Structures are given as C-alpha cells and as structure tokens.
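J.: kindly return the folded structure for what I paste below:
(4 chains)
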There are 4 protein chains.
Amino acid sequence: MLLKGNEAVVYGALLAGCECFFGYPITPASEIAHTAARCFPKLGRTFLQAECEIAAINMVMGAAANGRRAMTASSGLGISLKQEGISYLSGSELPALVVDIMRGGPGLGNIGPEQSDYNQVVKGGGHGSYRCIVLAPASAQEMCDFPRLAFELAEKYRIVVYLLTDGVIGQTMETVTLPEPLPGRAPIPEWALDVTKPRTNMISSIFLEHDDLEAVNRKLQAKYAAIRSAEQRSEEYRTEDAEVVLIGYGISGRLCRSAVDELRAKGIKAGLLRPVTLWPFPVDAIRKQTQAKEFIAVEMSDGQMIDDVKLAISCDRPVHLINRMGGNIATIDEIVARTIAAIGAKEA
Amino acid sequence: MLLKGNEAVVYGALLAGCECFFGYPITPASEIAHTAARCFPKLGRTFLQAECEIAAINMVMGAAANGRRAMTASSGLGISLKQEGISYLSGSELPALVVDIMRGGPGLGNIGPEQSDYNQVVKGGGHGSYRCIVLAPASAQEMCDFPRLAFELAEKYRIVVYLLTDGVIGQTMETVTLPEPLPGRAPIPEWALDVTKPRTNMISSIFLEHDDLEAVNRKLQAKYAAIRSAEQRSEEYRTEDAEVVLIGYGISGRLCRSAVDELRAKGIKAGLLRPVTLWPFPVDAIRKQTQAKEFIAVEMSDGQMIDDVKLAISCDRPVHLINRMGGNIATIDEIVARTIAAIGAKEA
Amino acid sequence: MLLKGNEAVVYGALLAGCECFFGYPITPASEIAHTAARCFPKLGRTFLQAECEIAAINMVMGAAANGRRAMTASSGLGISLKQEGISYLSGSELPALVVDIMRGGPGLGNIGPEQSDYNQVVKGGGHGSYRCIVLAPASAQEMCDFPRLAFELAEKYRIVVYLLTDGVIGQTMETVTLPEPLPGRAPIPEWALDVTKPRTNMISSIFLEHDDLEAVNRKLQAKYAAIRSAEQRSEEYRTEDAEVVLIGYGISGRLCRSAVDELRAKGIKAGLLRPVTLWPFPVDAIRKQTQAKEFIAVEMSDGQMIDDVKLAISCDRPVHLINRMGGNIATIDEIVARTIAAIGAKEA
Amino acid sequence: MLLKGNEAVVYGALLAGCECFFGYPITPASEIAHTAARCFPKLGRTFLQAECEIAAINMVMGAAANGRRAMTASSGLGISLKQEGISYLSGSELPALVVDIMRGGPGLGNIGPEQSDYNQVVKGGGHGSYRCIVLAPASAQEMCDFPRLAFELAEKYRIVVYLLTDGVIGQTMETVTLPEPLPGRAPIPEWALDVTKPRTNMISSIFLEHDDLEAVNRKLQAKYAAIRSAEQRSEEYRTEDAEVVLIGYGISGRLCRSAVDELRAKGIKAGLLRPVTLWPFPVDAIRKQTQAKEFIAVEMSDGQMIDDVKLAISCDRPVHLINRMGGNIATIDEIVARTIAAIGAKEA
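T.: The predicted model follows:
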C-alpha cells in the first residue's frame, strides 16, 4: 500500500485501536488531521478538529483519563503550545500519543524539514521533572508500525509517547505493509475514570502537600529509571568494525546509512547507529561501540542530540557535528565529505 | 528597603526603564503582577493583565517589536504556555524579559518552591534552534539588580533574557538597596518598528526559502557562540583549595554556601560555585576547578543542571546529585550529610 | 413515553432527521445537551459540546452550509451570545434550529422560568433587517412535534427557526407520543456546499456593492412577507363568543386555558388565543376576534408580546397586561382575578 | 474644529470625563478606536484594545462597577456579540456608554450605512426585560455633544446609554464646536465598588429567589417608566401646520429636513419630527401632531422604527414607510417623490 508517512501514522493508530483524534492542522503535519478526519468517523471513532492546539491536547487528556486511546499531531509551533498540557498528562500519568512532524524554526520559520524540536521534546519542553518516551520513525513503514508500540508503552508505563520525525518522513510516499490490527479494545483500565460507573477515583496532577508531591516525583523517577533500563531501542548498520560511528535519527539516519556505504567504498570503516528511541536514549548500545575511535552526530538542527551522545560515552572520544538547518538537508555526498574532513582535521 | 523578591524585581525593572508589563497572575509569582499593577501606571507606564498567558507573551512581542522594554512574569505552568511566543521572540531576535518563579511540578503540582523548569528554560522549551540568556538570582537584591543587566543583555544581543528563580527567593523579604535608575530611555532602536514614522521595515520570524532560514540560523548560532564567550557569570566561595565543589543556583546556591562552612568546620575542603548565568552555563569557571576531585550538583528537581556540569568537565571526575522535589528544600544539615555520604560512598 | 420537554425536543429532532447538535449546557436547557450527548452518537449522528456558545452557533452555520440538519439549544444568556451567528445564518439564508428555554433575566437573573426573551428572539436580537420563524411549544408533546415542523419550514424558506419556550415546559415531565420518523435524509440541497464534490458555489452574507446587498434585502423581505401570509399558526379555545380574549404562549397559554374555564364558570365570556408562531405573529387570527371587546396579554415578562397584539388590532380596543417576572408564574386564580379587575377597572 | 463624527464622539466623551475606552475596531466605527487610542492615554486615561468584542463590553462592566465612566464602540456585528454583556450591565444597573455606528446587514453585509440595528438596540437585543436609553445623533456636533448627555443620563438612572447612528454621520467631516469640559470627576458613587476601600457591597445581576428577582424587575420597570416620562427628546421642523409629518432619525432625519423644504416648495404641507431619543421614543411629541393627516417613517432598514410610530398614535392615522437598504441612501428627490406617491396612493 503506497502511503505518505503522515497517512501511514493514522492507519497505524487505527490498527492499534486508537479511538480518538483531536488536532488542529499545521503544515507539514496537516495530512495527519486530514486523514484522521476521513478515517476515524468511518470506523465509529472520534475525530475532532479542536478550536486550537491547547484545546486539542486537553481533549486528549480528557479522553485518556477515561481510558481511551487518544492521539494528537502537530508541528513545532503547535507542540510548543501543547507543553502545559503535556506536563499535565505527565503529572497525571496518563497514556497518550503525540506526533510531532518537525519543520523549520525558530518562530514561524518555514515548512521545510528540520530536527530542531529535539530539546523541546526529549529534554522536556514543559515545566516540572517529567519525561516522555520519544520514538523516532525513519520511514513510512515505521510511521505505520510505531503507533502500536507507542500505545503499548504508553499504557504499560502510563506515560506520554511522542513520535518525533520530520517533514521528509511525513510527506514521502512509500510502500507500507499494514500491521495486524490489535484485537478488540481491552476493558477500561482500573485507574481510569469510567463515565458508565459511579465515580470512585480522581485523576489529577495536584498534590498540595510537599511530601506528597515529592513522593509522586520519586515514583515518577523510579518509573523513568525502569524505562531507561528496559526500553532503549536502536538500529545498527556495519558497526562491528566501525572506527567512525555516525549517529542520526529519522531522515538523518536514512541518509547516514547510504553515507556509510559510500565511506566504506572509500576505504573508511564507518558504521551507523540509528536511535529509535530518543528517550530513553540508546546509551547502552552507544557504550558498546568500544571499537569506535570517534563519533559523528548528524542532525538537522544546531546540534541538540549531540549532548546526549557525549554523555553516553562520558566524553571519552571526540564527537563531531554535521548539521544543516532551515529546511536544508545534508546530501549523502556532503555527509561523506564532512565526515572525512572531521576525521582528517583531527589527524592533521 | 525591605522587599520580597517578587516586589524587588518590579522595582528593578522600573529603575531599568521597563515600560510595559503584560502578565497573568499565578502563585508563587502573583506579587509580581500585583506590584506591577500598582507601580507601572503611577509612573506613566503600561500594566496590562492579559486575558491569558499566551496573550501576555504576544503583547510583550508587540511592545518589543516597537522598541519598548517589556516584561512578563509567571510560574512553570504559564511559562509552558508561553513557549510558542518565546520561540517567536527568539526567531524575530527581539529583546524581552521573562521572569519564571518556579513552583512544584509537573502538571498542577503545588505552589511550593522547585527548580524543575531548568530543562524547559535553559535547554529550550519551544521549537527550533534558539537560546535564551538565563539569569539565576539568589536574593531579593539580585532580583532588584538583575532586570537592568537583563535589559542590557537583551538589547545588546536582541535576545530573550529569563530570570529563573524559585518561590523562596520570590517570596522571602530581605533588605534591598535600590540601584541607580537608568537615565531616560534611549531612542527607539533602528531595527524597531516605530508607529510614529512610516513603516520601512518588518519584524518577522518567517523565512520561506530554506537558504534564508539557514542563514538566519547560522547567524543566530554565531550570536549564541559570542554570548557563550562573553557572558558567562558565576560566583565562587572558598573554592581555591576545594576538593569537593558544590554547584547550585538560586536558593540551592544560598544553602550550599552555609553547607560549605559546615563542611569546612568538619575538616572537609568544600567550596561553592554558584552559576549566575544558567545559559550560557559558566563552563569556563567550572573547568578552572582543576583542584577539585569531585562535584556535587545541588538541585530542587530530578537533576537537570547536572548534565551541564558533566559536560563542562567532560565527565572526567564524578558528579553527584543532591536533590529534593515537590516543594521540599534540602536543609543545610541534609546537604552536609549527603555530601559526606556521596564522597564517602566513593571512597568505600 | 414519559419525557421532559427538554428530552422530548431531542427525540423530536432526531426523528426529524437532525444530524448535528452543537451546544453548550446552561440551566434550564442543560437536559437538551445531556440528552443529545447520549442519543446523537448512538444513531451515528454528531454531538459536540462546543467550547462556547459562539462556537456552537458557528458550528451550526458550518453544518447548515453543508446541507446538514443542525441545531443548538441554550437559554437567554447563551442566545445573547449567539446573536452575531444568528444574523450571519439569516444573511446567508441557512436553515437551522435554535432552541431557547427562557430563564429569569436580565443578566444572570435566575434559573426560574420567564418569557422575557421575546423581544430578543422575535424582534431581532442581532444586527440587520432579518427575521426568524419562532415557534412557541406549550407542552412536551409540542416540544417533540415541533422540530419536524421547524426543519420543514427552515428548509422550505432557508431561514432560522427558533423554538422559544420556558423552563416549565422544558422541565415538566409529560406523556409524549413519538411522531413518525422522517424517512431517510433527502439529498444535499443544490445550494449547499458539498464536501464530496468540487466546490462550485459559495455561501456568504457579504455583499460589498450597495445595490447587491439591497437586492438581497429586498429578496429577504419578500420571503418574510410570504411567510407572514402563509405560516401564521395559533390555537383557539372558546373564543367564538368571547368578549375578553386572553393571549398567551407557552406556559402562559396553558394557564390561560384553565383561567378561561374559571372565568366562564363565573359568567364571564372569556376565550384563549394561543400563538403557536410568534413570528409570524398570528395577526389574521387575532383580527378575526371581532366579537371581542378587549384583550389580555398574559406574559412572564415586562410585557413584550403586547405590542404585537396592539399592532394586530390597530390599537382599536383595549389590551391589558397581566404579567409576572423573576421566575414567578401567575396562578390560574391570579389570572382570573386580574382579568376581572382589568375589565372592571375599565368599567369603573 | 473640523472633525469626523467618529472623532467628535471621542472628543466629546473625553470632555465629559470618560475615563476608560475598551473596544475592538470594526468598519465603519474604527476611527473611534483609533482616535481613542491616540487621545485617552495622552490625558492619563485608559484605552485598551480588547481581545474581542465580548471582552470589551465586559471590561466596560468592570470599570463601571468601580464607578468609572467607561465606553465602548462598535458596529452591528460587534453590538450583536456584546448583547450578553449589555444585559448584564442592565441587570446590574451599571451606567455605560455604547456607540453603534450601523453598517449594512444582516450578517457580514457591507460597510455602507444602514439603520437596521434599530430593533436590536431599541427593543432589546439581549435577554430579559431591560431597556437602554438610545440617543440618535444626526451630526458631528451631536456626536460631540451627546456623550455628556449620555453619561449624565447613564449615571442619573444607572442605565446603559447607546449612541445609535450610521456610517454617514460617523464618517462625514463637519465643523464642531467643542463643549465645555466637565469639571473634575465627581467622587466614586456610593453604590460602586471602590478598590481603595474594604469591600462592603457587591454588584451583581444574580437574584436566585424568584421574589427577589421579581422585585428587581419591578424596580427596573418603575425606573423605565420614569425615564419614559422625563427623557423623551425630539426636534421638530415646520410641523405647526404640517399635514404630512416625516419621521426619521440620524442621517434620515437630516435628509428629511431638506425634503420638507422641497415638499413645501411644491405646495405640500410637510414637516419633520426627528427623534433624538429612540428609547424612550418621543411618543408625547408625536401624539401632539394632531394636525397631521398622515406620517411617513423614513428609515434605512426594512422598517423597524415604524412600529413605534404606529403605537405612538394608536394606529389612528396612516403611517407609510420610505426605506432603502444595503448601504444605499434615499436621495432628497426620492424622499420627496415617494412621499407624494404615498399620499397620492392613499388618495387614489
């Protein structure tokens, strides 16, 4: 089935049993809302174009609190507006799926692809000590497959899961094999509000007593530690003997794969480690790259992920940055040339 | 003059020539809006309680675009809502002052003091590759003095400057010496819109061509590099021969100072490095602590600043975390005891 | 079937093929939104609680422009907020159903029953020379039956139709015989937008040229004249030889019916004329009351309908007012006594 | 001083001691907001462009509740949106000035002049049994003079006063003699909230007990009756022996004056009665026209004021309508010709 990434993510969400889509269209994420508007009601599920981004995330919160699988999607500007809501969801430990199709920034920027929401999404754009799981799909197929993983993780850990990708992945059309649909929706979880029953519980992020809120935060941190142990995901390509390891996610990861082949053809032992989870960052897999002499972070931003690479290896080997911004994408040749220059510069 | 930090910051802003305050009250920042409401109009300046946090930051943008010194203030929840606007201000290179009096999070949390907006404010809570200068006052006096520094930096670099502090600093009453008022407002800058003249320029963050936006981003990064070189600020206390250096800002910094004395009294060579700027992080001053064998990051969060400490020293010595959350504050005794334990734990 | 008026109107609307309900709850109309929330989705139709009254009426406009049967419901305060939208619907000649369950006013007033939105609804609460058809149900049965009539008239004339009634009619439970459901929805009208087809038309109320807008207004006035001729509706009771004719709608009409019997029992030749349409006002039926020597307008307001009674009879006989306000309802005894006094006062 | 009506009304308001202007620009009323934005702050008074029409009227309510002279201005669309607020002001018995510069309707219509908000403004566009005093200026001079009268009446009766006029009066430039400024603001009235004192009263329109709300309504109706007795205002021209009396307000009144001269020149005994107050309608002055054989209502609407003329004379003589709509204005020749036709038509 030939699908854009932005369409595939809706198909994937529906097959994963997503019951509600609340959103507000914004380029380059608009096809997600359009596709959801077309598909959700046909299957008896809820699509609602909210009056604004803030309303959309708060509707997601309402649905999630009632035990429904709910999602929203936007681009950086909208994700900024949703930060209060995402902090609320996190403080209330509600599962939800948020898709961010990154565009050029800051401000209005442009509608070209960038990866400059990394800090916002991975480090926490909202207030408070919370974390979200961040998946970084790199193809239409992953756009289709990851919603299921996202909802499984979201519900297992009662956490917000982001799909963070860029306009290229969102808008390129590729062949997609639809995953098996999840069998019928599991019962409403115990912890959820259930409008069909008398209310016996409350879902909230307010804890007036300092000790209570500290306990909540300790519990959250324990949960985050468990996720760090169990849920790191990444993909490697020709890393076994790689002396230089390129690290890139999303579209950068795809370009790096081809660049690795080119570098190998030039006699340079290169490999690729593509983070699939950005949080938890695949620290363990990166630490295992003991054969590597240096690392290259390939990003379409000012260099945001690079700090996580440095921290992963305790800054014990060089980490170079190859980046483009403003909607421009590094070509494979450019990545190859700049990798050689980065290594050579050091050798000189 | 006996003032709360939240009052002192308004006095300081007025003395620094701030012409407009746009805000929305939220505990524990409300006294800022209250004091501004009382004082700005008396001096013929503009106070406006906006209809929401988003309106407030956008009004700041409008005033700033017209060359006026403008500020807003809030706590974490409101700062989350302002992220889109802050990214717009940054992309448009507009000077502005944003005060964040941190409270307990995530979500509604409580109104106790925390330092858990560090990632949001320092790493970039909004979309795109932008940075804000972040000052961390640790007393009512600094609350009063820093607005002037903030506007000087904001206008010199055309950048958003945050004052990031917590409810303790905001609400404790201390004696404050008012700084000299800035002499009369300088002329509206060349780059600003000027409603009294025909419009010849435009202030915007939209750059549709990828190369144009990339050039803007390269220019921004060069500016940020210049700020990293020139504007790091920190304060040290008994660090000369310190084998363990505590690093803390705001209320944590104050507590650490007393803890250093206690530790010294127990024969432990401790010192304090208090970051005054959180961005740019005082990397150079930390790197100079070559005498130190280990570091302690003292934070009222899950440990957010600690990554910047690790990166500053290239992870070449241990960095421990002492933290509390939920509105609880570590006592001096607790910092002392946990410092000893942290060092001891390593020695064992 | 035992139903409140507020429930009956939803059943009636559904049986009349209403496809969309957009609303915002307000006492004493809330059961309408509640019932719609429960019933519309079960039948595959759209229920949406809008973010505010204004959004609700604008959503009605959107649905109506697409040829869908759409309704909203509120009480006076909400109807006030909807006036811009109702003028837009009227200027765009879109059919829609608006239910107003009147409460005590002005301002917040209280939630008791009144009839004080007559001027607003019947004379035109919005801007411009427009009219809406106004039906005044006086029982749960009429609440159930009138939506079908309302949609028939709305679509025949492309006009807004109000159901105007009060909290007593809305909230009293009565036995209702459900009407036959309308057979399946007729095709989308020619004039409507149709999202399934390329757009060939536009629905708008903007006509920049004065002559164009005047032509639109002339056409509207011709339509209104046609409605005045064809669509007056009223119900009479013992008027044949009535020397005094009571005129009241909604709950007042019901009370007057009993009052007529009481008056007859006292030897006074009384009758009732109950307007079923308030616009067009049943002028012809009132003019036929040539046997009557005087009229009594019974209203739960300051006397708003009374002007229409006077105009109907060209002020050629006395028209007295019996009214209560603030949520108080005249008892049958009170109507009887004040009728006798009104006639007697004149005779004295 | 050469001023547009829209400018003159701001000058007049300032000279009448108006302290606050809250508004939102809309053609053809925008010059009012523009002029207020320029002039109010210069005089140390408050100008605020609200985020929407609804906010503007609610800000007026807040200022009025605090005993400040406050105003807003808009055109029909905005006046529709303000209806809830105007009902609140009326139920709370707060004085305020609302200016409506009528444009073409219904819906978006166009920006040409009309008089089609008569029903909305005079009969009550909001919910509940309330009335507003409505002044109808017919020149820039009256636009300048009437704000003072408006505030005097508003404060004497604690009532909303409208200035209702049209785009021609608003936008035509005429020589204006500025009135004497009111001497310094009288003390805050007893009934007002006063932020400088402890709160001892409450201003509200909510009265939960039916008897309480009925008492409020009875009191309001007594006040309205007193206003009807004392405050009718109108202007007459050549009516002494007039057999046909033209009745028109605002721009229609001015045109009628010239038409009267033309008709007299043709030997027809015509006169003009120009209502200056539309509510209370100048019933007494119209009733005194016993010499008149017929009346002509001249309106730029579908004929809204005409009902009040008919009721004033108890429908005992013919009342004809001469109207234009859509932004078109009847010429003097047209009024003359149609008057002759109307009389002739009757004679035929």
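
J.: what stretches of chain A score poorly on pLDDT?
T.: For chain A, applying pLDDT under 70 flags the ranges A:184-186, A:345-348.

J.: what residues of stretch A:51-61 count as buried?
T.: Going by neighbour count (16 or more other C-beta atoms under 10 Å in any protein chain shown), the buried part of stretch A:51-61 is A:Glu53, A:Ile54, A:Ala55, A:Ala56, A:Ile57, A:Asn58, A:Met59, A:Val60, A:Met61. Every C-beta, even on glycine, is put in place using the N, C-alpha and C of the backbone.

J.: nearest to D:Phe22 among these?
T.: Set against D:Phe22, the nearest of the buried residues of stretch A:51-61 by C-beta to C-beta is A:Ile54 (25.0 Å).

J.: list the contacts of that closest one.
T.: Contacts for A:Ile54 (C-beta atoms under 8 Å, 6 or more residues apart in numbering or on different chains) come out as A:Leu81, A:Lys82, A:Glu84, A:Gly85, B:Ile54, B:Leu81.

J.: and for A:Val336?
T.: For A:Val336, the contacting residues are A:Ala259, A:Glu262, A:Leu263, A:Lys266, by C-beta under 8 Å, 6+ apart.

J.: and the residue of the stretch 201-348 of chain A found nearest chain C, how many neighbours?
T.: In the stretch 201-348 of chain A, the residue that lies nearest chain C is A:Ile203 (19.4 Å; C-beta to the nearest C-beta). Counted with other C-beta atoms under 10 Å in any protein chain shown, the neighbours of A:Ile203 add up to 15.

J.: re earlier: looking at the buried residues of stretch A:51-61, which is nearest chain B?
T.: A:Ile54 (7.5 Å).

J.: looks to me like that closest one is in a strand.
T.: No - applying DSSP: H, G, I helix; E, B strand; the rest coil, one finds A:Ile54 to be helix, outside a strand.

J.: how far away is it from chain C?
T.: Distance of A:Ile54 to chain C, computed by C-beta to the nearest C-beta, to the nearest Å: 10 Å.

J.: among the contacts of A:Val336, name the buried ones.
T.: Looks like those have A:Ala259, A:Glu262, A:Leu263 buried, using 16+ other C-beta under 10 Å.

J.: quick one: which of these sit in strands?
T.: Among the buried ones among the contacts of A:Val336, no member falls in strands (criterion: DSSP state E).

J.: let me see the ranges of the strands in the stretch 201-348 of chain A.
T.: For the stretch 201-348 of chain A, applying DSSP state E, counting those that start in this stretch gives strands covering A:234-237, A:244-247, A:270-275, A:277-279, A:294-299, A:319-323.

J.: quick one: which of the ones you listed is nearest D:Pro198?
T.: strand A:277-279 (53.0 Å).

J.: strand partners of the closest one, parallel vs antiparallel please.
T.: strand A:133-135 (antiparallel) (DSSP bridges).

J.: contacts for the partner strand?
T.: A:121-122, A:146, A:149-150, A:153-154, A:157, A:159-164, A:227, A:231, A:233, A:276-280.

J.: out of the residues you listed, which are inside helices?
T.: If you go by DSSP state H, the contacts of strand A:133-135 have A:Phe146, A:Leu149, A:Ala150, A:Leu153, A:Ala154, A:Tyr157, A:Ile227 in helices.

J.: quick check: the second one vs D:Leu135, distance?
T.: With the distance defined as C-beta to C-beta, to the nearest Å, A:Leu149 ends up 69 Å from D:Leu135.

J.: for A:Thr165, give me its contacts.
T.: Listed by C-beta under 8 Å, 6+ apart, the contact set of A:Thr165 reads A:Gly5, A:Val99, A:Asp100, A:Ile101, A:Met102, A:Ala136, A:Pro137, A:Ala138, A:Met143, A:Gly250, A:Ile251.

J.: let's see 6 Å
T.: By C-beta atoms under 6 Å, 6 or more residues apart in numbering or on different chains, the contact list for A:Thr165 reads A:Pro137, A:Gly250.

J.: who does it bridge with?
T.: In beta-bridge terms (that is, DSSP bridges), A:Thr165 pairs with A:Ile101.

J.: re the thing from before, pick the one among the buried residues of stretch A:51-61 closest to chain C.
T.: A:Ala55 (6.4 Å).

J.: the closest one - nearest residue in space that isn't next to it in sequence?
T.: What sits nearest to A:Ala55 in space, not counting adjacent residues and going by C-beta to C-beta, 6 or more residues apart in numbering or on different chains, is C:Glu51, at 6.4 Å.

J.: now that neighbour: how far from chain B?
T.: Applying C-beta to the nearest C-beta to C:Glu51 and chain B gives a distance of 13 Å.

J.: and the residue of the stretch 201-348 of chain A that's closest to chain B?
T.: Taking C-beta to the nearest C-beta, the stretch 201-348 of chain A has A:Ser205 as its residue nearest chain B, at 2.4 Å.

J.: residue contacts, the nearest residue to that residue once chain neighbours are set aside?
T.: Once flanking residues are discounted, A:Ser205 sits nearest to B:Gly107: 2.4 Å by C-beta to C-beta, 6+ apart. Applying C-beta under 6 Å, 6+ apart to B:Gly107 gives the contacts A:Ser87, A:Tyr88, A:Gly91, A:Ser92, A:Ser205.

J.: pull the most distant pair out of these.
T.: For these, the maximum inter-member distance is 9.5 Å, found between A:Ser87 and A:Ser92 (C-beta to C-beta).

J.: so between those two, which is more surrounded?
T.: A:Ser87 (31 against 19).

J.: how much space is there between the residue in the stretch 151-300 of chain A that chain C sits nearest to and A:Gly62?
T.: Closest contact between the stretch 151-300 of chain A and chain C, by C-beta to the nearest C-beta, is at A:Val195 (10.3 Å). Using C-beta to C-beta, A:Val195 is found at 11 Å from A:Gly62.
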